[in-house]
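S.K.: Quick one, what's the 3D model for this:
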Amino acid sequence: MHMKNILPILTLTTLAAAASAQVAAPAAAGLNYNRVGLGYNTDTKGYSLSATAVLGSSNFWVGASSTIGGSGTSNGADSVAIGYLFANAIAGADVTVSVASNEAYTIGLRKALGNNLEAAASVGRNSADNTVWTAELGYNVSKQIQLAVGYTDTQGSAGTTDLTVRYNF
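M.R.: Residues are numbered from 1 along each chain as shown. Below you'll find the model as predicted:
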């Protein structure tokens, strides 16, 4: 991985860690938006790194992600985002809206299901002007560790499955 690809991730991760030292946002019980993750795409055989953090006691959050290898992908498909969290907005589910680099937009739902399970779904538009749908089921092994499986369907591309481990901070 080239240094130019690592710098945005490290910068955002540092910002996220500093912001998380403040009081966390009033998100639904059991849901944590201060986290870093390592994902593996079972279809492309590539990896991804991600980080999100709520900014102080606000409901604003920042995020960053990057890809590492895999067939049909390149290293450093980087993205940075800023979003807003509407806690407990719909039937106990959180709603997030975000704007990311390269004119990508997303709206998502995330809900704690009980028994350490949570579900998430989102729809968005990527930088190639394609609609992207995602669905994910996560299991919280502990307050700090989450395991998740997700499916992404991008307009004009085959659907992909991701396995992700996250650390909540």
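S.K.: Between the two ends of stretch 85-95, how far is it?
M.R.: 6 Å (CA to CA, to the nearest Å).
S.K.: which parts of that stretch are buried?
M.R.: 85, 87, 93-95 (16 or more other CB atoms under 10 Å). From N, CA and C alone the C-beta is placed, and that goes for glycine too.
S.K.: Just the closest of those to residue 145, please.
M.R.: residue 94 (20.1 Å; CB to CB).
S.K.: dump the residue contacts of the residue nearest to residue 93 when sequence neighbours are not counted.
M.R.: Leaving aside its sequence neighbours, residue 93 sits nearest to residue 111 (CB to CB, 6 or more residues apart in numbering; 3.8 Å). Residues near residue 111 by CB atoms under 8 Å, 6 or more residues apart in numbering: 28, 31, 91-94, 118-120.
S.K.: picking up where we left off before, quick check: the two most widely separated of the buried residues of stretch 85-95?
M.R.: Between any two of those (CB to CB), the greatest distance is 11.4 Å, for 85 and 93.
S.K.: how about the buried residues of stretch 85-95 in a markdown table, adding distance to residue 129, secondary structure and pLDDT?
M.R.: Supplementary listing: the buried residues of stretch 85-95 in a markdown table, determined by distance: CB to CB, whole Å; DSSP: H, G, I helix; E, B strand; the rest coil; pLDDT from 0 to 100:
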| residue | distance to residue 129 | secondary structure | pLDDT |
| --- | --- | --- | --- |
| 85 | 26 | strand | 97 |
| 87 | 31 | strand | 94 |
| 93 | 28 | strand | 96 |
| 94 | 27 | strand | 97 |
| 95 | 23 | strand | 97 |
